[in-house]
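A.B. asks: this one's sequence-less:
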């Protein structure tokens with residue numbers, strides 16, 4: 001089903017209930033951060049450094065470092081249909097509102113998908 005949608009370049013739209021769930025999830029995360037709760041991967045490091053708390057002022061740097069730490073893929077690029085299916089599966093997964101993604105970032109991913117932009121993924 002995902003492959004068919006990716007092949008046919010099926011347009012994606014987020015429903016209002018999805019938007020509401022995503023916003024609510026993000027609101028919870030923002031409230032938890034304000035309350036200075038310890039949240040794995042948000043204000044802690046990861047893996048063996050999980051006990052290292054990261055100040056909110058350094059949260060962006062933490063997130064960038066986490067991305068850079070795993071951005072080492074090499075090899076031939078996946079085909080466009082596979083990448084579109086992966087993008088679509090991320091939209092579906094993020095729409096379940098368990099990640100606290102910002103609504104704007106989810107909308108941006110949908111816009112990229114709908115525009116037919118296919119990133120190079122090794």
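C.D. replies: Arrived safely. Everything numeric here is computed off the predicted structure, so don't read it as measured data.
A.B. asks: same for the lowest-mean-pLDDT helix or strand in the chain, what does it pack against?
C.D. replies: Using mean pLDDT, DSSP states H and E, the weakest-scoring helix or strand in the chain turns out to be helix 59-70, at a mean of 81. Using 3 or more CB pairs under 8 Å, 6 or more residues apart in numbering; DSSP states H and E as the contact test, no helix or strand touches helix 59-70. For the C-beta atoms, the positions are set from N, CA and C on the backbone; glycine is no exception.
A.B. asks: Go through that helix and flag the buried ones.
C.D. replies: Across helix 59-70, burial judged by 16 or more other CB atoms under 10 Å covers residue 62.
A.B. asks: Can you name every helix or strand that whatever helix or strand comes next after it contacts?
C.D. replies: On the C-terminal side of helix 59-70, the closest following helix or strand by DSSP states H and E is helix 80-95. For helix 80-95, the packing partners by 3+ CB pairs under 8 Å, 6+ apart come out as helix 2-8, helix 16-34, helix 103-114.
A.B. asks: I'd like the distance from the least confident helix or strand of the chain to the chain centre, please.
C.D. replies: With CA atoms, centre = their mean, to the nearest Å as the basis, helix 59-70 stands 13 Å off its chain's centre.
A.B. asks: ok, and what's touching it?
C.D. replies: For helix 59-70, the external contacting residues (CB atoms under 8 Å, 6 or more residues apart in numbering) are 33, 41, 42, 43, 45, 46, 54.
A.B. asks: Please identify which pair of those residues lies farthest apart.
C.D. replies: The span of the contacts of helix 59-70, defined through CB to CB, is set by 33 and 46 at 16.7 Å.
A.B. asks: Out of the helices and strands packed on helix 80-95, flag the one nearest residue 82.
C.D. replies: Nearest to residue 82 among these is helix 2-8 (7.7 Å), distances taken as CB to CB.
A.B. asks: Output the contacting helices and strands for that closest one.
C.D. replies: Counting contacts by 3+ CB pairs under 8 Å, 6+ apart, helix 2-8 packs against helix 80-95.
A.B. asks: relative to helix 16-34, how tilted is the helix it packs on?
C.D. replies: 70 degrees (axes from the mean of the first three to the mean of the last three CA atoms, to 10 degrees).
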